[in-house]
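J.: One predicted model, sequence on top.
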2 protein chains.
Amino acid sequence: MTYAWPIALAIAGLLFVLALSYSQTLYAYPSGGGSYTVARENLGRSAGLIAAGALLIDYVLTAAVSLAAGVAAIASAFPALWPYRVDVALALLLIITIANLRGVRESGALMTVPVYAFLAVFGGMLVVGFALAAIRGPGTYDDLVGGAPVTTFLVLHTFAAGCTALTGIEAISNGIGVFRPPVSRNASRTLWAMAVSMAMLFLGSVGLTHYLGISPEGAETILSALARTVLGTTPAYVLVQGATLAILAVAANTSFAGFPRVASVLARDRYLPHQFEHLGDRLVYSNGMLVLAGMTALLIVVFQADAHALIPLFAVGVFLAFTLSQAGMVVHWWKARGAGWLWKAAANGVGALVTLATFLIVAVSKFTEGAFLVLLLIPVAAVVFRAVRRHYQEVALELTLRGLPPSLRPLPRPRVVIPISGVHRGVIDAIRYAQSISDRITAVYVETEPGSAQRVRQDWLRWGFEIPLRIVPSPYRSIIGPLLEFLDQEDLRHNDGQQATVVLPEFVPARWWQALLHNQTAFLLKLALVYRRRRFGHARPVIDVPYHLRE
Amino acid sequence: MTYAWPIALAIAGLLFVLALSYSQTLYAYPSGGGSYTVARENLGRSAGLIAAGALLIDYVLTAAVSLAAGVAAIASAFPALWPYRVDVALALLLIITIANLRGVRESGALMTVPVYAFLAVFGGMLVVGFALAAIRGPGTYDDLVGGAPVTTFLVLHTFAAGCTALTGIEAISNGIGVFRPPVSRNASRTLWAMAVSMAMLFLGSVGLTHYLGISPEGAETILSALARTVLGTTPAYVLVQGATLAILAVAANTSFAGFPRVASVLARDRYLPHQFEHLGDRLVYSNGMLVLAGMTALLIVVFQADAHALIPLFAVGVFLAFTLSQAGMVVHWWKARGAGWLWKAAANGVGALVTLATFLIVAVSKFTEGAFLVLLLIPVAAVVFRAVRRHYQEVALELTLRGLPPSLRPLPRPRVVIPISGVHRGVIDAIRYAQSISDRITAVYVETEPGSAQRVRQDWLRWGFEIPLRIVPSPYRSIIGPLLEFLDQEDLRHNDGQQATVVLPEFVPARWWQALLHNQTAFLLKLALVYRRRRFGHARPVIDVPYHLRE
């Protein structure tokens, strides 16, 4: 007696319920109906943001879980890879990231091959397996696998494998835009094809594993144990493991379509910084992808590419998003009251209840095993979304020209201060520029090495600049503090309501690495000047006068 | 019959030879005679740079090896810590880094306590051990430790422990400045005290381990096995392990004194960027310490805090630096020909030969186990040093005012271009500033959203700015490329030999995190403008006009 079989049936049923309710969503939201959109439109802003937070976190977890599971599959065939699983997972992540940054269309084409290959290879393995089962008859279990009763082990494995199959559903709803018209029908067909084939392979492999009494060795995955039993340690077995790795890489890849798209929708609504909103040069959402890749890499390293440790975190987020989306659909049908709305609402209602139940079970039973982290991060994400939007709104209000006097008083010509590090050609360019915009110019030298000021002053006089040079002593070698102090005192002394403009001579090296050898002071000074809160009326303008070094 | 005992004697002899020759160096170079200084002054620039490269790499390895060994000591007492040894080592590194960044004097005082504590506790343990040995008589070995013959294991362990004792010697030579006058005598006394106590504890523990036939269990260190045998699993045993951790933390700490000091000497000679040259605000070489801490952390992670894996890398570098320093001293005595120069040269000559032999043995026998990496990095470092210096020299030559015509032609008043992202208050400040320095002003709007330009143009006319607004269409949403193109074309059109000044309105948010929500375009545009190589005569000046956001 094991629990694995009923759980497998329950997961297959869940897959069916979700496919049914999501195909309804596809028709109701033909322009893209992810959980965020559906929840926000029907359940209000807070539910939408919670769903969005759950989704974004889940896409990261999907990528991490899929890569970890894929590496486990290939390490089952080549156990020598096991100690390097984190590195292998990161290498795969890098490849997928680069493929996606190169453009979504190319990587889309790249991704259909592994799907068909997996269906063919894994399906073929199951057929051979059933033939073998018919000949050999049922097997018996060892009692323990890795110290745990084999049933517990199988239940966990089954649940894990089933959960990863669910991500694709949300990805299709969010990414409906990439299908050919009629989009709703084509997307729905893909959804059903995926759900049915996943359910068949899933039930087939759980059934076979069960019937043959298969248990894995060491760190091996259960699907690897199945394939190994059916095919022996042959090239065909390696092919199955390779195809498993490939399809899991495709699963990770769905995150690279989904995450940036959800981030872009959020950014359009001003809940995320606007650099997530727009497509990059190659028509991909590069910023979203980079954030996704970074967070996925972090998860892989922290969880040491252990898929089983990541599954509870993943399940919490995905079932929360599912629940909110389904509940939103119920409200949608109730509001619209179209033909047969009651049946549609009922279908989505069942979906909502089933996913809510699953969410609660996982959240409670796996709370201490990482689920708490996701339950914490989701509301935090929602709060951040709101803070971002509030900030943009306040800035828009502050920047509006409404209420501004219609005529602009022109400013007086600026006073100029030029900080110099010595008497050289870079300074000459800065002085000539300053002279073209002002006739009130002061140069200032911060003396960090006692005695150096005297030499600078001599040079200054020798070259006959008709500009006063002021010396600021700095016994503690700091440059920026004394300079800011000097600028403020100069402003006070002149008492003309102006802040002096700072003209900065800046070296521009010929090669990138040479930048490490220059400009730190100029850069820090610029930051200090621009970002310091104003003390006297307006902020202080800063002029960069670049001096290009030849070599 | 084991080889451990002769090797222990050889290492103790090495310690004596090095202490002798280095105490000569201390008197010859009372203002600081590290390997770099001695090798450069006596053997020439290349030898000096090789020694400097070896030294800097070695300080990093010293810190990494000491922390790894310290963590192994404490994990021997608390085996539960073993899986977290990388994290523990990184945590210790963080504490030491912070202590050092807070100031060298405080951390110096902090560091004398563990040294005396270790001498007392470990010396006490040895005394008890010898008493026990006298009572119990000699023990016998198991044949294998962790799969290797026990002799091999002991030899490796002995060599590792001995090597770490050697670092302190170079650290004293480099850091002679921190001793009270008469510096040479005080430093030399410290050197001898250290060498003698290290040799005694070292020989004592090797002898005891040998006599009692001690072999460690699992991942335990051999010193822990010794202390456990002598003291049992008592609080006293834990105290010995704690004291060992503490003294190894002090050893790691010597790197924080040594590395930045060598880097500073190199920077003074222009072989490293000048930000390594000066003391920071708290009179510590902060930049050197940060680089050291970063590289040490990298080593700890890459080598998984395994002291044995790091020892060969460490030994290669330190013995190369020793050899160059000793050989330099021979030349020094030969040149100076003072009283008894022949004896002094002979002492240093023996030191040079012994260290050269050790260097060659380690470099060849451990070549594939990581020594190749150090043998590769040292010359690379030397090449980098030379490149840095060459660059600084070329820049100095290029910047000199010699040959410049004595009178400076003033520039004409600048033309100004203001890129705007819309019609708002930030733009107003920029326009008012531009009007104060120029009467030839153009505003430019890059239209990334089709249709947005019309709204901006309406606003522009409504608010009655008397400045022409130009629209640049950008179908691919890129802002910077079209803007640079526009600026170049404007310059060509005016044909006045000038590059227009760009006035950038820049938002300055009230809180740091809000900077993530603004300014990316302004920042990237500034980089592109300042760092682009000039196409028409002079470089293009850029004016930041900050607009401070209130909330």
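T.: Everything's here; your move.
J.: what's the domain layout of chain A?
T.: A:4-318+A:376-391, A:416-548 (automatic domain parsing).
J.: low pLDDT regions in the stretch 51-200 of chain A?
T.: Counting by pLDDT under 70, the stretch 51-200 of chain A shows low-confidence ranges at A:103-111, A:140-181.
J.: quick one: residue A:395 and residue B:436, what's the gap?
T.: 26 Å (C-beta to C-beta, to the nearest Å). Every residue, glycine included, has its C-beta placed from N, CA and C.
J.: Residue A:191 too?
T.: For residue A:191, the distance to residue B:436 - C-beta to C-beta - is 63 Å.
J.: now swap in residue A:487 and tell me
T.: 18 Å.
J.: So between the two, which is more surrounded?
T.: residue A:487 (20 against 17; other C-beta atoms under 10 Å in any protein chain shown).
J.: And the helices in the stretch 301-450 of chain A, which stretches?
T.: Counting by DSSP state H, counting those that start in this stretch, the stretch 301-450 of chain A has helices at residues A:307-336, A:341-365, A:371-399, A:425-437.
J.: In CSV, list the ones you listed along with mean pLDDT and distance to chain B.
T.: Listed next are the helices of the stretch 301-450 of chain A as CSV, based on pLDDT from 0 to 100; distance: least, C-beta to the nearest C-beta, whole Å:
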stretch, mean pLDDT, distance to chain B
helix A:307-336, 86, 15
helix A:341-365, 87, 26
helix A:371-399, 89, 4
helix A:425-437, 88, 4
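J.: Of those helices, which stretch is the most buried?
T.: helix A:307-336 (a mean of 24; mean count of other C-beta atoms under 10 Å in any protein chain shown).
J.: Give me the contact status of whichever strand or helix holds residue A:503 with chain B.
T.: In this assignment (DSSP states H and E), residue A:503 forms part of strand A:501-508. Yes - Strand A:501-508 lies within reach of chain B by C-beta under 8 Å from any C-beta of the partner chain, at A:501, A:506-508.
J.: Stretch A:260-269 now?
T.: No - applying C-beta under 8 Å from any C-beta, one finds stretch A:260-269 separated from chain B by no less than 10.4 Å.
J.: Check the average confidence over that stretch, would you?
T.: For stretch A:260-269, the mean per-residue pLDDT is 87.
J.: Identify the residues contacting that stretch?
T.: A:32, A:34, A:36-37, A:52, A:55-56, A:59, A:174-175, A:272-278, A:284-285, A:287-289, A:291-292, A:385, A:389 (C-beta atoms under 8 Å, 6 or more residues apart in numbering or on different chains).
J.: switch to 7 Å and redo it
T.: A:34, A:36-37, A:52, A:55-56, A:174-175, A:272-274, A:276-277, A:285, A:288-289, A:292, A:385 (C-beta atoms under 7 Å, 6 or more residues apart in numbering or on different chains).
J.: For the helix or strand hosting residue A:287, give the mean pLDDT please.
T.: Residue A:287 is part of helix A:286-302 when elements are defined by DSSP H and E. Averaging pLDDT along helix A:286-302 gives 91.
J.: Grab the nearest non-local neighbour of residue A:389.
T.: Counting by C-beta to C-beta, 6 or more residues apart in numbering or on different chains, residue A:389 lies nearest to residue A:270, which is 4.6 Å off, once chain neighbours are set aside.
J.: So the one you found: helix, strand or coil?
T.: Here residue A:270 is recorded as coil under DSSP: H, G, I helix; E, B strand; the rest coil.
J.: For it, which residues are in contact?
T.: Here residue A:270 is in contact with A:388-389, A:392 (criterion: C-beta under 7 Å, 6+ apart).
J.: And the residues you listed, which is closest to residue A:350?
T.: Set against residue A:350, the nearest of the contacts of residue A:270 by C-beta to C-beta is residue A:389 (34.2 Å).
J.: how about the strands of chain A, start to end?
T.: A:144-145, A:148-149, A:416-420, A:441-447, A:469-473, A:501-508, A:542-548 (DSSP state E).
J.: Make JSON lines out of the ones you listed and add mean neighbour count.
T.: Below are those laid out as JSON lines (neighbours: other C-beta atoms under 10 Å in any protein chain shown):
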{"stretch": "strand A:144-145", "mean neighbour count": "16"}
{"stretch": "strand A:148-149", "mean neighbour count": "12"}
{"stretch": "strand A:416-420", "mean neighbour count": "24"}
{"stretch": "strand A:441-447", "mean neighbour count": "21"}
{"stretch": "strand A:469-473", "mean neighbour count": "15"}
{"stretch": "strand A:501-508", "mean neighbour count": "24"}
{"stretch": "strand A:542-548", "mean neighbour count": "23"}
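J.: Direction included, what does the strand holding residue A:503 pair against?
T.: Sheet pairing here is set by DSSP bridges, and for strand A:501-508 it gives strand A:416-420 (parallel), strand A:542-548 (parallel).
J.: So for residue A:74, which of those sits nearest?
T.: strand A:542-548 (51.4 Å).
J.: The closest one vs helix B:425-437, what angle?
T.: Per axes from the mean of the first three to the mean of the last three C-alpha atoms, to 10 degrees, the angle that strand A:542-548 makes with helix B:425-437 is 70 degrees.
J.: Would you mind getting the angle between strand A:542-548 and helix B:371-399?
T.: Using the same axes, to 10 degrees: strand A:542-548 against helix B:371-399 is 100 degrees.
J.: winner for burial among the domains of chain A?
T.: domain A:4-318+A:376-391 (a mean of 20).
J.: if I look at the most centrally placed residue in chain A, how far off is residue A:260?
T.: A centroid search over chain A (C-alpha atoms, centre = their mean) returns residue A:292, at 2.3 Å, as the residue closest to the centre. Per C-beta to C-beta, residue A:292 is found 7 Å from residue A:260.
J.: between these two, what contacts are shared?
T.: With C-beta under 7 Å, 6+ apart, residue A:292 and residue A:260 have no common neighbours.
J.: Now render the helices of the stretch 301-450 of chain A as TSV, adding distance to residue B:469.
T.: Output for the helices of the stretch 301-450 of chain A, formatted as TSV (distance: least, C-beta to C-beta, whole Å):
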stretch	distance to residue B:469
helix A:307-336	45
helix A:341-365	52
helix A:371-399	18
helix A:425-437	23
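J.: thinking again about what came up before, out of the residues of strand A:501-508 next to chain B, flag the one nearest to residue B:522.
T.: Using C-beta to C-beta, those come closest to residue B:522 at residue A:506, 16.5 Å.
J.: and that closest one, what does it touch?
T.: A:519, A:522, A:544-547, B:530.
J.: mind redoing it with 10 Å?
T.: For residue A:506, the contacting residues are A:426, A:429-430, A:518-519, A:522-523, A:526, A:543-548, B:530-531, B:539, B:541-542, by C-beta atoms under 10 Å, 6 or more residues apart in numbering or on different chains.
J.: do the same with residue A:244
T.: Contact analysis of residue A:244 by C-beta under 10 Å, 6+ apart lists A:69-70, A:72-74, A:76-77, A:114, A:118, A:121-122, A:221, A:223-224, A:227.
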